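A.B. asks: return a 3D structure for these sequence lines:
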Amino acid sequence: MKRIAVIILNWNQAKITQDAVSSLQQITTANKFTFHIFLVDNHSSDNSFSIFQKKYSSIQNITLLQTPKNLGFAGGNNYGIKSALNQNFDYILLINNDTLVKKDFLVELFHPFFKNKKIGISAPKIYFAPGHEYHQNRYSKSQIGKVLWSAGGYIDWNNVYGNSYGLDEVDLGQYDRPRSDLEFTSGCCWLMPKSVIKKVGLLSEKYFLYYEDDDYCQKVLQAGYLIHYQPTSHIWHLNSGSSKAGGGNLHDYFLTRNRLIFGFSYAPFKTKFALFRDSLRTLFLTGTKWQKRGVVDFYLNIRNKGSWR
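C.D. replies: The predicted model follows:
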């Protein structure tokens, strides 16, 4: 029987994370696999880890890990992945701590690997958690909980960011077809065989936060694997609950710098030239303090956490 390691990363979000873990503990396996949760505390500055120790230390299928410092999204997840690989788990599930899952989501996410050995990532249909939609006034009461956050995705190479199919749409079955031709899917929830990780490597820690999923998807494709969307697997996303603490400055810095890192790594030449011009405009005309710092750090090759305070 296959063994799945579930990696869930926490930083100063003990309540949200506990809700996610409770949801995961209820999932079914259909006797297809066993699963073990690796709860990684990314060196929280609050009492998250002590809360987890009191609540989960005696639970057999949960391993608690704490990083020596805040390693960012990529580094924190890598910390859990390495622990799972050292214990020879067959599959790795990365899932955000601000999610809730349907009981059979992992069974459904697991099926595609037996139909196509070239699948490198299997991703679910993701809804906004009720009350966390971007445009709440747009929907009727009966539509809440059925608003799509992601039905797979693509890279918008003109603007250099990953985008999701179905965003803000009410699910009426328009994205119910499985597909394995994606060039991107959000790192909110991925299931991957260990063989893919061993070939492609870990998440790139030069990003620290944001664009690490865009980057990894490109590496998976370049290695000859497919990115699959499985519409029968359902989860609900609280919409960036795990990164809200940083506020606008954090977004300004990492999105600006990391967009340049990603774009200059993978985009067509024409787009790279446009990025260069845009970076100069940001630096000398339009940018906020932290957007300008992001541009400077990109050209100075300052990566990972960089200049972020």
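A.B. asks: now A267: how far from I4?
C.D. replies: Separation of A267 from I4 (CB to CB, to the nearest Å): 34 Å. The C-beta positions use only the backbone N, C-alpha and C, and glycine is treated the same way.
A.B. asks: those two - which one has more neighbours?
C.D. replies: A count of neighbours by other CB atoms under 10 Å puts I4 above the other of A267 and I4, at 21 against 18.
A.B. asks: beta partners for that one?
C.D. replies: Here I4 sits in beta bridges with F35, Y91, going by DSSP bridges.
A.B. asks: list the contacts of it.
C.D. replies: F33, T34, F35, H36, F89, D90, Y91, I92, L93, L106, F110, L191 (CB atoms under 8 Å, 6 or more residues apart in numbering).
A.B. asks: how about a cut-off of 10 Å?
C.D. replies: Shown in contact with I4 (CB atoms under 10 Å, 6 or more residues apart in numbering): 29, 32-37, 84, 89-93, 106, 109-110, 191.
A.B. asks: what's the spacing between the residue minimising distance to the centre of the chain and K270?
C.D. replies: Centroid-nearest residue in the chain: G187, 2.3 Å away (criterion: CA atoms, centre = their mean). Going from G187 to K270 by CB to CB gives 27 Å.
A.B. asks: now do R277
C.D. replies: For R277 relative to K270 (CB to CB), the value is 11 Å.
A.B. asks: cool, K125 as well?
C.D. replies: From K125 to K270 the distance is 34 Å (CB to CB).
A.B. asks: try N77
C.D. replies: 33 Å.
A.B. asks: so these two - more neighbours on which side?
C.D. replies: N77 (27 against 10).
A.B. asks: dump the residue contacts of the more buried one.
C.D. replies: By CB under 10 Å, 6+ apart, the neighbours of N77 are 7-9, 38, 40, 42, 71, 92, 94-96, 187, 190, 202-203, 205, 212.
A.B. asks: what are the ranges of the helices in the stretch 51-200 of the chain?
C.D. replies: 72-86, 105-110, 112-115, 194-200 (DSSP state H, counting those that start in this stretch).
A.B. asks: tell me the contacts of the closest residue to E212 other than its chain neighbours?
C.D. replies: Nearest residue to E212 in three dimensions, chain neighbours excluded: A74, at 4.2 Å (CB to CB, 6 or more residues apart in numbering). By CB under 10 Å, 6+ apart, the contact set of A74 is 9, 187, 202-213, 215-216, 304.
A.B. asks: from the residues you listed, which ones fall inside helices?
C.D. replies: E212, D213, D215, Y216 (DSSP state H).
A.B. asks: of those residues, closest to R179?
C.D. replies: D213 (17.9 Å; CB to CB).
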